[in-house]
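Participant: please work out how this folds:
(one chain, ligands or ions: 2)
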Amino acid sequence: MAGGPFTSLFRIFASRNNVHSARVLLSNQNFRSMRQFNNWVLETHQFSTSFDVPCRQFSTSLVDNIHSHSPLKNPQFTIFNPADARPFSSSVDDEDGNRVKLNENKSLDSVENGGLEGVDGNSVGAGDDNESCVCDSMVIEEKQSDGVEGGNNVVGKKNLAFRDPVELYRELLTAEKNDNLKRSDWDTLQEIFSCFSKSGWAANQALGIYIGKSYFHTAVNRFRNFFFKKCSAELAMHLVSLGASDKAVRFLFPIFVEYCIEEFPDEIKRFRNMISSADLTKPHTWFPFARAMKRKIIYHCGPTNSGKTYNALQKFMEAKKGIYCSPLRLLAMEVFDKVNALGVYCSLYTGQEKKHVPFSNHIACTVEMVSTEELYDVAVIDEIQMMADSCRGYAWTRALLGLKADEIHLCGDPSVLDIVKNICSETGDELYEQHYERFKPLVVEAKTLLGDLKNVRSGDCIVAFSRREIFEVKMAIEKHTNHRCCVIYGALPPETRRQQANLFNDQDNEYDVLVASDAVGMGLNLNIRRVVFNSLSKYNGDKIVPVPPSQVKQIAGRAGRRGSRYPDGLTTTLQLEDLDYLIDCLKQPFENVKKVGLFPFFEQVELFAGQLPDISFAHLLEKFGENCRLDGSYFLCRHDHIKKVANMLEKVQGLSLEDRFNFCFAPVNFRDPKAMYHLHRFAALYSIKVPVSIAMGMPKGSARNDAELQDLETKHQVLSVYLWLSQHFKKEIFPYKKKAEEMAIDIADLLGQSLIKACWKPESRQGGNPRPQQKEDGHERHKGDGYRRPNSLVKIYEKKRQEKELLQGHSQKVVV
Ligand SMILES: Nc1ncnc2c1ncn2[C@@H]1O[C@H](COP(=O)(O)OP(=O)(O)OP(=O)(O)O)[C@@H](O)[C@H]1O
Ligand SMILES: [Mg+2]
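Facilitator: Ligands and ions are numbered 1, 2, ... in the order given. Below is the predicted model of the structure:
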């Protein structure tokens, strides 16, 4: 039912029955999901749970408000007679003279229970068509205007079930202590209150009046004490007759609401302020200057290697003033080099470095560093689908919402196209779509490497999903073939990755195979002929899982770039058993993302902290996560790593909230204890305003074993954190920036040299055995090489494959 028809129905109903005002009971209704609605009610009606509204106002504002805030498609309304709990009028004529029924046979009970949550908080009955477990049903009590006798029963004072809870509460307030109850009746009342206290439904409903879950039990206890002192025999017997049940909880709840509103105004206010200070709804309104502009958004939409970034960069270079936002430092550096080489002066701005090119009007930056203050003619946001990234998505969302640019070019796959359309309709920006196809189709080699790394060929990129696996594969290839391998993985600095990429791309050397992690998935232009998946499972920080199809596509798409030595891309797997999963992934359409990431600005966290002054920063972030409100298209980005750093820095005294917030964003690998130690040291020195030293020696030479290689990686990490801090805090406190830069360059160089000669067994970073999950997950040992691969997918696909082979024999090539 839309707001309009109901509104007119109500008008007709009201005029036919001579009703000039309606009483809306907010007490027995079910607005758990409706914090927004409750905000509105509480703001407009001063915490009243029942209020009278003139029919005109009722029809135009209340119903419309309910409709606009309700997450239900069909919120139900029932107008009933309070005296007998039956619908006031079984039917009315609508404006066209048609007879329309108004929930003819519903008693109050059925209204209350139909489509509502059970006391245990589960949604039951009608209204389940809604994707959330939220039901909005509203009970509207007809109230006669003064002196007008309605055609229905007069409100029966005896019928407690249908008494106005406000009245009941007022009576309780003035009542004398009641001692006339039997012991067994008191016991039953105790049970009812215990049931009330445990009721998920009641706790959720209480949120609507800003009684938070942590305060709910205290509030119920105090309500019980009050109730036991005051309740009349009649009231007690009514409750006893209901027993410790759903009905009793629902009967008590509105009286509880009245009690809370009167007794706990401070708690309610505090919780309400906390909720409103954690408000992340309507993020497009956070950027009024961008909203004041009429921006043109061009979505370059297509698969990998289709020319999206190339075309967007053309516009960037043509513009008078432009900004390119990159997902990676490496890519920002690449665009910086490329654009400058083409004669367009461009500066570089990343978390760790600022390279200002004189007279430049163009900037290549990492997306986290984008300024929403500056005005640009053209902005490019690359890999826009990263808006949906669980950790970093907020940076893309912020760039899209906040950039002050006349023209914004988004490059990415189609997964966030719909959500970008929605955002543009909210921001009022014009959206243009430009669709692309891959320059050359990607071909799957059905033969695979038959489980033998001896079958690698020049131009292959073997993809493995852990550092350990990468080195094991490199060792195996170099031991059993004449190929030499370059490596690229996340822990390497961009400079080293680039050096390895150049080594691989360069034809005049023996390094013709690349072994890489998913770090090759984005950005780098590599001369890859064939992408070979060593495995298709990876550790997700918790357990081994199949690599998501979108990522498989992205990585496989690295093969055969336009303009490279191998314009025709091939992809396959090491093991035959994994091939079907690869083909399935490549065939899958891009998923349609439903939500994109958000994270609060410091100012929002600060506002929230004002409500909870005495808790740790990590706890504060946790509370923010629990209480923040988000619109349906957004999620709060994961911030586990921020909390880990926050916990570590908890004991460092003298850091302001802003300092803590900033320190927590430093790009530290929290799994690396040495890197964490140095970050702690930096923060401790900073807190006592002592210039922060690097206090870390330079290694003497390149690594001779894996432990030394890891040490180099860590050292670079520490320098990278130092450089990041020096850009985000006052320069005077981090005076050794120059030295850190020089050391970082030297270490990146040493890392490059080390990788060239690396031929040792990898060690785990924790210095122990592989993670237990890996062992438990049934990795199998590969013949002779000490190389193990996960076999979780093998089982799934083996059967399917055998069936298929029986049916059709072996194909040689599959084009996807
Ligand atoms: N019109 C063109 N003329 C010359 N080279 C081009 C053209 N379009 C694209 N290329 C080259 O093709 C390669 C792939 O293009 P580009 O990087 O723009 O693809 P993409 O769609 O952004 O891929 P990805 O999703 O992998 O980032 C690049 O090396 C690029 O320079
Ligand atoms: Mg691109």
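
Participant: pLDDT score assigned to residue 264?
Facilitator: On pLDDT, residue 264 comes in at 91.

Participant: and for it, nearest residue in space, chain neighbours not counted?
Facilitator: Of all residues not flanking residue 264 in the chain, residue 219 sits nearest, at 6.2 Å (CB to CB, 6 or more residues apart in numbering). Using the backbone N, CA and C atoms, a C-beta is placed for each residue, glycine as well.

Participant: what is the burial count for the one you found?
Facilitator: 22 (other CB atoms under 10 Å).

Participant: distance check, it against ligand 1.
Facilitator: 54 Å (CB to the nearest ligand atom, to the nearest Å).

Participant: contacts only, for that residue.
Facilitator: 206, 211, 256, 260, 263, 264, 267 (CB atoms under 8 Å, 6 or more residues apart in numbering).

Participant: by neighbours, which of those wins?
Facilitator: Ranking the contacts of residue 219 using other CB under 10 Å puts residue 256 first, with 28 neighbours.

Participant: ok so, going back, any idea how far the residue nearest to residue 264 lies from residue 206?
Facilitator: To residue 206, residue 219 is 7 Å away according to CB to CB, to the nearest Å.

Participant: shared neighbours of those two, which are they?
Facilitator: Counting by CB under 8 Å, 6+ apart, the residues touching both residue 219 and residue 206 are 256, 260.

Participant: quick one, phi/psi of the residue nearest to residue 264?
Facilitator: The phi and psi values for residue 219, taken as degrees, to the nearest 10, are phi -60, psi -40.

Participant: what is the least confident helix or strand in this protein?
Facilitator: helix 108-113 (a mean of 29; mean pLDDT, DSSP states H and E).

Participant: contacting residues for the nearest residue to residue 641 once chain neighbours are set aside?
Facilitator: With sequence-adjacent residues excluded and distances taken as CB to CB, 6+ apart, residue 641 is closest to residue 670, at 5.3 Å. Applying CB under 8 Å, 6+ apart, we find residue 670 in contact with 641, 644, 645, 676.

Participant: looking at these, which is nearest ligand 1?
Facilitator: Of all these, residue 641 has the smallest distance to ligand 1: 26.2 Å, by CB to the nearest ligand atom.

Participant: so the closest one: helix, strand or coil?
Facilitator: The three-state assignment at residue 641 reads helix, by DSSP: H, G, I helix; E, B strand; the rest coil.

Participant: per-residue pLDDT, it?
Facilitator: 88.

Participant: do residue 301 as well
Facilitator: 97.

Participant: distance of the spatially closest residue to residue 338 that is not a sequence neighbour relative to ligand 1?
Facilitator: Take residue 338 and drop its neighbours on the chain: the residue closest to it by CB to CB, 6+ apart is residue 313, 7.8 Å away. Separation of residue 313 from ligand 1 (CB to the nearest ligand atom) stands at 7 Å.

Participant: likewise residue 658?
Facilitator: Using CB to the nearest ligand atom, residue 658 is found at 36 Å from ligand 1.

Participant: start at 868 instead
Facilitator: Renumbered: residue one is now 868, and that last one reads residue 1525.

Participant: and the helix or strand harbouring that residue, what does it pack onto?
Facilitator: Element membership for residue 1525 (DSSP states H and E) is helix 1524-1531. Counting by 3 or more CB pairs under 8 Å, 6 or more residues apart in numbering; DSSP states H and E, the packing neighbours recorded for helix 1524-1531 are helix 1469-1476, helix 1484-1494, helix 1507-1515, helix 1540-1554.

Participant: can you add distance to ligand 1 and neighbour count and give the contacts of residue 1537 back as a markdown table?
Facilitator: Converted to a markdown table, the contacts of residue 1537 look like this (distance: CB to the nearest ligand atom, whole Å; neighbours: other CB atoms under 10 Å):
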| residue | distance to ligand 1 | neighbour count |
| --- | --- | --- |
| 1508 | 26 | 16 |
| 1511 | 32 | 16 |
| 1512 | 31 | 24 |
| 1543 | 33 | 20 |
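
Participant: tell me which two in those residues are the farthest apart.
Facilitator: Using CB to CB, the two most remote members of the contacts of residue 1537 are 1508 and 1543, lying 10.7 Å apart.

Participant: quick revisit: and for the residue nearest to residue 1205, the neighbour number?
Facilitator: Neighbourhood size, residue 1180 [other CB under 10 Å]: 23.

Participant: confirm for me that it is in contact with residue 1211.
Facilitator: No: at 9.7 Å, residue 1180 and residue 1211 do not qualify as touching, with contact defined as CB atoms under 8 Å.

Participant: what sits against residue 1385?
Facilitator: Applying CB under 8 Å, 6+ apart, we find residue 1385 in contact with 1330, 1332, 1357, 1405, 1414, 1418, 1422.

Participant: and those, which is closest to residue 1260?
Facilitator: For the contacts of residue 1385, the nearest to residue 1260 is residue 1418 (15.1 Å; CB to CB).

Participant: tell me the contacts of the closest one?
Facilitator: Listed by CB under 8 Å, 6+ apart, the contact set of residue 1418 reads 1385, 1388.

Participant: what's residue 1288 in contact with, if anything?
Facilitator: residue 1298.

Participant: quick one: secondary structure of it?
Facilitator: Following three-state DSSP, the label given to residue 1288 is helix.

Participant: would you mind listing what in the stretch 1418-1567 of the chain touches ligand 1?
Facilitator: Applying CB under 6 Å from any ligand atom, we find that the stretch 1418-1567 of the chain lies next to ligand 1 at 1424, 1428, 1429, 1430.

Participant: could you report the pLDDT at the last one?
Facilitator: If you check residue 1430, the pLDDT there is 78.

Participant: next one: the one 3 residues further on
Facilitator: In the prediction, the pLDDT value recorded for residue 1433 is 84.

Participant: look up the closest residue to it, ignoring the ones flanking it.
Facilitator: Excluding the flanking residues, the one nearest residue 1433 by CB to CB, 6+ apart is residue 1396, at 3.9 Å.

Participant: which parts of the longest helix anywhere in the chain are buried?
Facilitator: Ordering each helix of the chain by length in residues (DSSP state H) puts helix 1573-1595 first. Neighbour-count burial for helix 1573-1595 flags 1573, 1575-1577, 1579-1594 (criterion: 16 or more other CB atoms under 10 Å).

Participant: what does stretch 1063-1070 give?
Facilitator: Neighbour count says stretch 1063-1070 has 1063, 1064, 1066, 1068, 1069, 1070 buried, by 16+ other CB under 10 Å.

Participant: go on, stretch 1074-1085?
Facilitator: For stretch 1074-1085, the neighbour count (16+ other CB under 10 Å) marks 1074, 1075, 1076, 1077, 1078, 1079, 1082, 1083 as buried.

Participant: show me how far that stretch is from its chain's centre.
Facilitator: Distance of stretch 1074-1085 from its chain centroid, counting by CA atoms, centre = their mean, to the nearest Å, is 25 Å.

Participant: next one: stretch 1373-1389
Facilitator: Per CA atoms, centre = their mean, the displacement of stretch 1373-1389 from the mean C-alpha position of its chain is 33 Å.
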